[in-house]
Every structure is written in C-alpha cells, then in structure tokens.
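> pasting the sequence and the predicted model now:
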Amino acid sequence: MPPPALSALRSLAPVGYATASGVCQSTGRTLSTMRRYYVTTFGCQMNAHDSERIRGLLEELGLGEAAAPDEADVLVFNTCTIREKPDQRLAAYLGNAKAQKSRSPETVVAVGGCYAEAQRDRIFERYPFVDVAFGPGTIHHLGEWLGAGGNGIARSAFGTAGERRFSAALATQRERPFQAWVQVSMGCNSVCSYCIVPAVRGREVSRRPGEILAEVTALAGEGVREVTLLGQNVNSWGRDLRPDIRTEFGELLRAVDEVDGIERIRFTSPHPKDFRAPVIAAMAECEAVCEHAHLPLQSGSTRVLKRMRRTYGRERYLRLVGELRTAIPDLALTTDLIVGFPGETEGDFEETCSVVEEVGFDGAFTFVYSPRSGTEAAAMLDQVPDEVKHERIERLVNVVQRVAAERNAQRIGLMEEVLVEGTSRTDPSLLRGRTRRNVTVNFTGSAAAGELVPVRITASTSQTLRGSQEALVAA
Ligand code: 5AD
Ligand code: SF4
C-alpha cells in the first residue's frame, strides 16, 4: 500500500491546488498525461540511494520510467557538488534539458541534491527553465510539487534544511532485488576544511535503531541478502540519539547481523577518527559483516591532515590499520585520497604515496583537490597550480594501481565466496559478482543473480579477479 501522503497526492484534483509557496495556477494538465520520467544521478551512494526513492515516488505517482531522457516528460537531476567536475557535467546535462524543453514545453525539469541546495538562491536565475528544486533529504517535496499538478505551476524551491527527513517511508526502486542500501544517518558534524558536505547536508542526525532494524527486517523478508549501511560518517552514528536509546555503531552491526536472511553487511563511510574498538570487535565477530573497510585517508602527510582538519595524523591512521588487521586478518582496505590540497609540497605528496605502499590499499578513489566556494580551504592563499595537481594525480594513480594489482594477485589460488550480480560487462559468456572483500570477479560457471557461490581465483588485474565456480561440497 502506498504511504498515506502519496495516496492523498493521487487524489489531488489537477486544478485548484495550493503549493507551499501559496501559488495556485494550472494548465489543467493531469498526472495521467505525465507519463514518463528519467532520473540522472551524480555523485555518491547516498545520492544513488535517494534516486531509488525518487524513482519509487514517481512510480507511486503513476509515472513510468523512460528508456532515455529525450523520451521523458519529467527530467530529474539528482546532483552532487563535492567537486567542480560534477557541476560542469550537470551544466552540460541541463543544456540538453533546456533544448528538450524548448522542443516540448510541457517537459518538467527538476533539480535535486547537493548542487540544488548549494545554489538554492541562484538556481532559477542561472537556469530559468528549471521548474522545481529540492535539497538532499527533501525528496518528498518533489512528490508534493508534482502531485499538485507538476506542470504549469509556479517554479519552486522546496525543502529547507529544517525539513530534511529520512525518506525510508517512500517506496524504493532497487537496482537488484537482493542488495539494498539502508540509510543510518544524514548530515555530517565534521569540519573538513575542503568539504562542502556539511554546508549542504547539515548537521548529523542519526536514524533510530528500531527504525533501521525494521527496514532491514522488511528487506530481508523481500529477499535482500546484502545490505550496505549508509551515512556520511557511519561510525559516529548513535551519539546524538535520545539518552534512553543512545548507542554506537558496533551495536548496530551486531543487531543487523542477527536479522535472519541478511548474509552480507557493508557500510560506508567510516571516519578514521571515530573508528573505535567496539566497532572493530563487532566487525570481527559478526559473521555477516564483510571483510572490507573503506577508510578515507585523504593525505599521508600529518601536516596536510591538520590543515584539512581531519583530527588524526599519519601515525594514528597507521595504528588504526594495524588494529583492524590484527582483529580481521583478511581485511580489504580501500580509501579516498586528495592531491593538491593548498600548501601540499612535493614532500607531503610523497608521504601520501608512501602510505599507499605501507598500508597496501586494495583500491583508492583519487581526487584532484577542487576548491569549493564557502569552504575554509578555498580561501587558503597557497593553492597548488593545476599542472602540479595533474602531474601528482597521475603519479598517485600509478602507485595505487600497482599496489592494488599486487594485492589482487595474492588472491590467485584462493576460494572466494561470490555474490552473483549478473553477467560480465565485457564478456557475456562469463558471470560477474563480488567477493566479501568487495572485489569484482568475472568467472565461468552457472548460477543465477543473487546466489552465493564458491569461486576459485585464477587470474587478476588491478581492478578485478578472474575465476571458475567450484561445485558446492556437501558438509
Ligand atoms: N576536492 C577534492 N576532493 C574532495 N572530496 C571531498 N571534497 C573534495 C574537494 N573539495 C573527496 C574526499 C571525500 C570524497 C567523497 O570526496 O576524498 O572522501
Ligand atoms: Fe566531508 Fe569530512 Fe564530513 Fe566526509 S567527514 S562528509 S569529508 S566534512
């Protein structure tokens, strides 16, 4: 059954409605004539998850998904503004949307997510053809706007920071029936000097444990075997809860581990400063928690980390890695790295490369520092020239790939448990899936998507493994 708010929307008359901005005007266009939508997603997993909710909401409103943007009546852009590149990509996409709208003026253009929030005051000025804008965590307003007619009504930026809420009550259109994201918190209380996230997603709010567990239990009932717990800083989860239910992330991992049917638990992202002993113990002791941690380092230089306001240094990070590996010997570690942060010297940069070697990361997302207006680092005077940043990122990518290739090569000959996701993207005669350590494996065998199968690893690259499925041995 659709949530009550959405049922109410369905019954809204196409004329004579009121919006939150008090505007009341209509072209008489009804929901039944607004048939198809297309959602374009930029950025992180949180956005990918929000997009699932957006799709679910639009389906609830009676719209169907279009195969391509130019076949859609409603174009939704779920945006990211963490670096300049997504801003530029969005501008190109919006250029196409504008052209489409001038061909078919009925087209609705909706812009949600972090860019919409950051540009809240300017978005309609900058892009006059945008009909509705909504920030992260205010997806419900898109539904309210569309439900109120969705076309021909005044343009509106809905969803102020104070109205953010967890969208778990909304229906979801998941990519795969056996995997699901579960949001545990929104916002971030850190003040990393390069990062725009706290400004656009607000202060951290933890979702109540009972609500999270109810969602996980319901998902397991629908056949979900793998959940990924999502938050900007998952391991500070719980600290802002009411005293009577205050708890910490390790306890949440243990509770999710107890849910029947959940065989794999992942989480992203933890902040190294908050990765404490109870979480490490829970990871080691809970059968379903996978042997993988994505642990954003950002820089290998303590001096740079300090200017980034990460509140840990190189040594403390390495100590944490040691503690994790002692508790979970087969742990895979991945990370985020930024090069060219203001004031980064050649020596600082070399320290980042040397941590990659020392830790032996299984993979890393590498980013060129991108000044974000309004952040502390954007105002620093010692910005690094673009040529230097680009030269450094090339060198860093080489180190990361070499180390990851070495780590993957160590898996050859081992048996890995693989959750089948489909067929290989490059060779349809092979199956594709992920190991518990979160590495993609292309393999020979016969299994359906959603099955857990044993695969013997036979070859590797820096990004993927090759293997062959082994027969299940009776216990
Ligand atoms: N420039 C470059 N990379 C950034 N990140 C966050 N802000 C910036 C920025 N201004 C990276 C960090 C973070 C990841 C999600 O994006 O590495 O962990
Ligand atoms: Fe940004 Fe730092 Fe918060 Fe991550 S922890 S979202 S990098 S401020």
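Received the coordinates, thanks. Just so we're clear, the structure is a prediction, and the values are computed from it rather than from any experiment. Ligands and ions are numbered 1, 2, ... in the order given.
> who's in contact with Thr40?
Residues in contact with Thr40, defined by C-beta atoms under 8 Å, 6 or more residues apart in numbering, are Pro69, Leu75, Val76, Phe77, Asn78, Tyr93. For glycine as for every other residue, the C-beta is placed from the backbone atoms N, C-alpha and C.
> now the nearest residue to Arg201 once chain neighbours are set aside: how far from Gly250?
Closest residue to Arg201 apart from its sequence neighbours, by C-beta to C-beta, 6 or more residues apart in numbering: Gly187 at 4.8 Å. As judged by C-beta to C-beta, to the nearest Å, Gly187 and Gly250 stand 21 Å apart.
> one more: Tyr115?
Taking C-beta to C-beta, one finds Tyr115 at 35 Å from Gly250.
> and the pLDDT for Asn233?
Listed pLDDT for Asn233 reads 94.
> distance of the closest residue to Gln298 other than its chain neighbours relative to Arg411?
Leaving out its chain neighbours, the residue that sits closest to Gln298 by C-beta to C-beta, 6+ apart is Ile338, at 5.2 Å. Ile338 sits 28 Å away from Arg411, going by C-beta to C-beta.
> more crowded one of these two?
Using other C-beta atoms under 10 Å as the criterion, Ile338 and Arg411 rank with Ile338 on top: 27 against 22.
> mind listing the helices for this protein?
4-10, 45-60, 84-103, 114-118, 123-126, 139-147, 197-201, 209-221, 249-257, 277-285, 302-308, 314-327, 346-359, 386-409 (DSSP state H).
> nearest to ligand 2, out of those helices?
Counting by C-beta to the nearest ligand atom, ligand 2 lies closest to helix 197-201 out of the helices of the chain; the figure is 3.6 Å.
> any weak-confidence spans in this structure?
For the chain, the stretches flagged by pLDDT under 70 are 1-34, 148-163, 167-171, 472-475.
> circling back to that earlier point, which PyMOL command selects the buried ones in the contacts of Thr40?
To isolate the buried members of these in PyMOL, using 16 or more other C-beta atoms under 10 Å:
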select buried, resi 69+75+76+77+78+93
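> also near ligand 2: which of the contacts of Thr40, exactly?
The subset of the contacts of Thr40 lying close to ligand 2, counting by C-beta under 6 Å from any ligand atom, is empty.
> pick out the most distant pair among the contacts of Thr40.
Within the contacts of Thr40, Pro69 and Asn78 form the most distant pair, 13.2 Å apart (C-beta to C-beta).
> pretty sure Tyr37 contacts Phe77?
No - under the criterion of C-beta atoms under 8 Å, Tyr37 makes no contact with Phe77, lying 11.6 Å away.
> list the contacts of the residue nearest to Arg201.
Arg164, Pro198, Arg201, Gly202, Arg203, Glu204, Val205, Gln232.
> buried among these? Need that as a selection in PyMOL.
In PyMOL syntax, the buried subset of those is picked out as below (16+ other C-beta under 10 Å):
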select buried, resi 164+198+201+202+204+205+232
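> let me have the contacts of Gly187 in JSON lines, extended by distance to Val132.
Shown next, in JSON lines, are the contacts of Gly187 (distance: C-beta to C-beta, whole Å):
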{"residue": "Arg164", "distance to Val132": "17"}
{"residue": "Pro198", "distance to Val132": "25"}
{"residue": "Arg201", "distance to Val132": "20"}
{"residue": "Gly202", "distance to Val132": "20"}
{"residue": "Arg203", "distance to Val132": "25"}
{"residue": "Glu204", "distance to Val132": "27"}
{"residue": "Val205", "distance to Val132": "24"}
{"residue": "Gln232", "distance to Val132": "25"}
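> nearest to Thr366, of the contacts of Gly187?
Gln232 (20.0 Å).
> isn't that closest one right up against Arg201?
Yes - with contact defined as C-beta under 8 Å, Gln232 reaches Arg201; the gap is 6.5 Å.
> excluding chain neighbours, what is closest to Leu331?
Closest to Leu331 by C-beta to C-beta, 6+ apart is Glu291, at 5.1 Å.
> near the one you found, how many other residues are there?
Considering only other C-beta under 10 Å, Glu291 is surrounded by 17 other residues.
> could I get the phi/psi values of it?
phi -90, psi 60 (degrees, to the nearest 10).
> I'd like the numbering to begin with 44 instead of 1 from here.
Sure, I'll start counting at 44 from here, so that last one is Glu334.
> what sits against it?
Ile371, Asp373, Leu374, Ala375, Arg479, Arg480.
> Asp470 too?
Applying C-beta under 8 Å, 6+ apart, the residues contacting Asp470 are Asn485.
> mind checking how far it is from Val461?
16 Å.
> same question for Gly245.
38 Å.
> please apply the same query to Glu127.
In terms of C-beta to C-beta, Glu127 sits 37 Å off from Val461.
> do the same with Ala109
33 Å.
> the two: which is more packed in?
Val461 (27 against 17).
> would you check that the more buried one makes contact with Leu495?
Yes - between Val461 and Leu495 there is a contact at 7.1 Å, judged by C-beta under 8 Å.
> show me what contacts the closest residue to ligand 1 within the stretch 244-393 of the chain?
Closest contact between the stretch 244-393 of the chain and ligand 1, by C-beta to the nearest ligand atom, is at Asp379 (3.4 Å). Asp379 makes contacts with Ser312, His337, Pro339, Leu340, Gln341, Ala407, Phe408, Thr409, Phe410, as judged by C-beta under 8 Å, 6+ apart.
> out of these, which are buried?
Buried among the contacts of Asp379 (16+ other C-beta under 10 Å): Ser312, His337, Pro339, Leu340, Gln341, Ala407, Thr409, Phe410.
> tell me the residues of this structure that contact ligand 2?
So the chain meets ligand 2 at Cys231, Ser233, Cys235, Cys238, Val240, Pro241, Gln275, Asn276, His314 (C-beta under 6 Å from any ligand atom).
> re earlier: in ChimeraX, how would I select just the buried ones from the contacts of Glu334?
In ChimeraX syntax, the buried subset of the contacts of Glu334 is picked out as below (16+ other C-beta under 10 Å):
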select :371,374,375,479,480
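> which of the contacts of Glu334 fall in strands?
Ala375 (DSSP state E).
> and the gap between the residue nearest to Val440 when sequence neighbours are not counted and Glu394?
Distance criterion C-beta to C-beta, 6+ apart; nearest residue to Val440, sequence neighbours excluded, is Thr409 at 5.7 Å. According to C-beta to C-beta, Thr409 and Glu394 sit 15 Å apart.
> near ligand 1, which residues of the chain are found?
Near ligand 1, when you scan the chain using C-beta under 6 Å from any ligand atom, you find Ile125, Arg126, Tyr237, Cys238, Pro339, Gln341, Asp379, Ile381, Phe410, Tyr412, Ser413, Arg415.
> pretty sure Asp300 contacts Cys329?
Yes - at 3.8 Å, Asp300 and Cys329 qualify as touching, with contact defined as C-beta under 8 Å.
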